[in-house]
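K.L.:
When you get a sec, could you give me coordinates for this:
(one chain, ligands or ions: 3)
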Amino acid sequence: MKPIEIRPGIYWVGVNDQTTDLFEGLWPVRKEGVSYNSYLILDEKKVIIDLIKPIKTEEYLIGLESIIPLKEIDYIILNHLEPDHAGLLMTFSQLAPQAKFLGTAKASELISKFLKVKEENRFQIVKDGEILHLGEKSLQFFSTPFVHWPETMMTYEKSTKILFSCDAFGGFGAIHGRIFNDEIDSLEFYEQEALRYYVNIVANYSQRVISAIDKLTTLPVEIIAPSHGLIWRKSPERIVGLYKKWASYASGPVEKGITLIYGSMYGFTESLTDAVAKGIARTGIKYCLFDGARTHVSYILPSLWTMEGVIIGAPTYEVKLFPPVAAILEMARHKRIFGRKAGYFGSYGWSGGALKDFKGLADELKWKVTHTLEVQGMPDKDDLARAEEWGEQFASSLIKTCS
Ligand SMILES: Cc1cc2nc3c(=O)[nH]c(=O)nc-3n(C[C@H](O)[C@H](O)[C@H](O)COP(=O)(O)O)c2cc1C
Ligand SMILES: [Fe+2]
Ligand SMILES: [Fe+2]
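P.N.:
Numbering: from 1, shown residues only. Ligands and ions are numbered 1, 2, ... in the order given. Down below sits the predicted model:
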């Protein structure tokens, strides 16, 4: 895509990625796409803020060169050294021979140890709060460790009040032509994808996100320009507010609602799932239903992250919880989705074992298991009626608790 001017002399020069299947080798983005946003600032000094993942390198270089020859670049700001932003650094050390690389002290260490770019003499450490004058414009750097890696920082352009926030306030979802939030008719897709990105990528560092937001709270920001997804030109406080809310879910109250995850080999637990869902629906409480064996955990985590209740419906498999569902709980543990109110139901053949296994996993997750229901083999009509009642009771117990 051609560069787009954000403010006079400040350009978006990113690329869309519609071919990578898995972001970080783990999270599906093939359908939604993802953008690597890079920015160019022209003043007396010429600056690139963040590079891109080494895909579409030619498109990226042609875009940059359409505005300025790369050999005239004075600074390359490295907000973050993850290869989706700094993967082209080796290339740029050749193409922009004058350019100094700017980053935090931690970045100066990682540039050679992690990226193996042996250009220490071209690296300039910037301190927290330091200002770099470019001419009419000036950049201020804010260290924001662990949003997303230890070396991460954000860059603020003072005259235009643009915050280049890197991974923070980013989201999945390619940006095709329309790169600003105020150009999008319905933001639902991008906000949902920002949540999925948040929970998949950033959530483990929620406390650091809160610290970063608190630190920058007095900074007058007119535009938030992250390194993935939309640029928030209108009401940037919207994305900051969402990030703040999602970060608060790591330790504070979450939303009313139930994540209902099921798995089933022969359809018995699936029949129970339908009945349980019917019972929940009677209460009117929000619920999201997932087939745990067929839905990538990336899409389930946002629901688990944001909602208070979780019901697991899974049969016994070799004395344990049905493995695809157990794997989701393992990822929830990794993402520290703790303190939920939980229920379990499932079908077993002869001895069971899934419930015991689930209780052990729930313990590790600090989930309070309030309701359980086991059925041997194929559920009959009484079992289904019981399951419906059970679903309603679980949902009602959530509605009654106040938080
Ligand atoms: C590979 C496999 C392993 C199983 N292991 C056990 C087991 O260890 N204990 C048990 O009680 N039932 C076991 N079962 C029986 C299932 O739990 C039972 O068929 C259940 O009704 C399946 O429910 P579903 O139709 O929802 O998959 C196993 C079934 C299969 C296919
Ligand atoms: Fe990152
Ligand atoms: Fe990133």
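
K.L.:
how about low-confidence regions in this protein?
P.N.:
For the chain, applying pLDDT under 70 flags the ranges 401-403.

K.L.:
Show me how the record splits it into domains.
P.N.:
Residue ranges for the domains of the chain, per automatic domain parsing: 4-248, 255-394.

K.L.:
could you redo those as a markdown table and give each row mean neighbour count?
P.N.:
C-beta here means a position set from N, CA and C on the backbone, and glycine is covered the same way. Listed next are the domains of the chain as a markdown table, based on neighbours: other C-beta atoms under 10 Å:
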| stretch | mean neighbour count |
| --- | --- |
| domain 4-248 | 19 |
| domain 255-394 | 19 |
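
K.L.:
Export the ones you listed as TSV, with columns for distance to Lys400.
P.N.:
Compiled in TSV, those are given as follows (distance: least, C-beta to C-beta, whole Å):
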stretch	distance to Lys400
domain 4-248	23
domain 255-394	10
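
K.L.:
Dump the ones you listed into TSV; add distance to ligand 1 as well.
P.N.:
Compiled in TSV, those are given as follows (distance: least, C-beta to the nearest ligand atom, whole Å):
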stretch	distance to ligand 1
domain 4-248	25
domain 255-394	3
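
K.L.:
Mind jotting down where the helices sit in the stretch 301-403 of the chain?
P.N.:
Ranges of helices in the stretch 301-403 of the chain, per DSSP state H, counting those that start in this stretch, are 323-334, 354-364, 381-400.

K.L.:
and Leu195, how far is that from Pro145?
P.N.:
Look at Leu195 and Pro145: by C-beta to C-beta, to the nearest Å, they are 23 Å apart.

K.L.:
now do Ser271
P.N.:
The gap separating Ser271 from Pro145 is 50 Å, by C-beta to C-beta.

K.L.:
Kindly report the same for Ala277.
P.N.:
Taken as C-beta to C-beta, the span from Ala277 to Pro145 is 43 Å.

K.L.:
Also Glu65?
P.N.:
Applying C-beta to C-beta, one obtains 34 Å for the distance of Glu65 from Pro145.

K.L.:
Repeat that for Ala212.
P.N.:
Ala212 sits 9 Å away from Pro145, going by C-beta to C-beta.

K.L.:
One more: Val240?
P.N.:
Distance, Val240 to Pro145, using C-beta to C-beta: 19 Å.

K.L.:
same check, this time on Gly263
P.N.:
Taking C-beta to C-beta, one finds Gly263 at 39 Å from Pro145.

K.L.:
how about the helices in the stretch 1-150 of the chain?
P.N.:
57-65, 83-86, 89-95, 105-113.

K.L.:
near ligand 3, which residues of this protein show up?
P.N.:
By C-beta under 5 Å from the ion, the residues of the chain that approach ligand 3 are 84, 167.

K.L.:
Show me which residues of the protein sit near ligand 2.
P.N.:
Contact residues, the chain versus ligand 2 (C-beta under 5 Å from the ion): 82, 148, 167.

K.L.:
Grab the nearest non-local neighbour of Tyr317.
P.N.:
Among residues not flanking Tyr317 along the chain, Pro323 sits closest, at 6.1 Å (C-beta to C-beta, 6 or more residues apart in numbering).

K.L.:
next one: Tyr39
P.N.:
Nearest non-adjacent residue to Tyr39, counting by C-beta to C-beta, 6+ apart: Ile49, 4.2 Å away.

K.L.:
What residues does that neighbour make contact with?
P.N.:
38-41, 77, 79, 155, 164 (C-beta atoms under 8 Å, 6 or more residues apart in numbering).

K.L.:
cutoff 10 Å now
P.N.:
Contact analysis of Ile49 by C-beta atoms under 10 Å, 6 or more residues apart in numbering lists 10, 13, 37-41, 75-79, 85, 102, 139, 154-155, 157, 162, 164, 166, 225, 227.

K.L.:
again, but for Phe101
P.N.:
For Phe101, the contacting residues are 75-78, 86, 89, 92-93, 107-108, 111, 117, 119-120, 122-125, by C-beta under 10 Å, 6+ apart.

K.L.:
bridging residues for it?
P.N.:
Beta bridges link Phe101 to Ile76, Phe123 when assigned by DSSP bridges.

K.L.:
distance of it from Leu89?
P.N.:
Applying C-beta to C-beta, the value for Phe101 to Leu89 is 7 Å.

K.L.:
In a markdown table: the helices of the stretch 301-403 of the chain, plus distance to Gly257.
P.N.:
Below are the helices of the stretch 301-403 of the chain laid out as a markdown table (distance: least, C-beta to C-beta, whole Å):
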| stretch | distance to Gly257 |
| --- | --- |
| helix 323-334 | 16 |
| helix 354-364 | 18 |
| helix 381-400 | 8 |
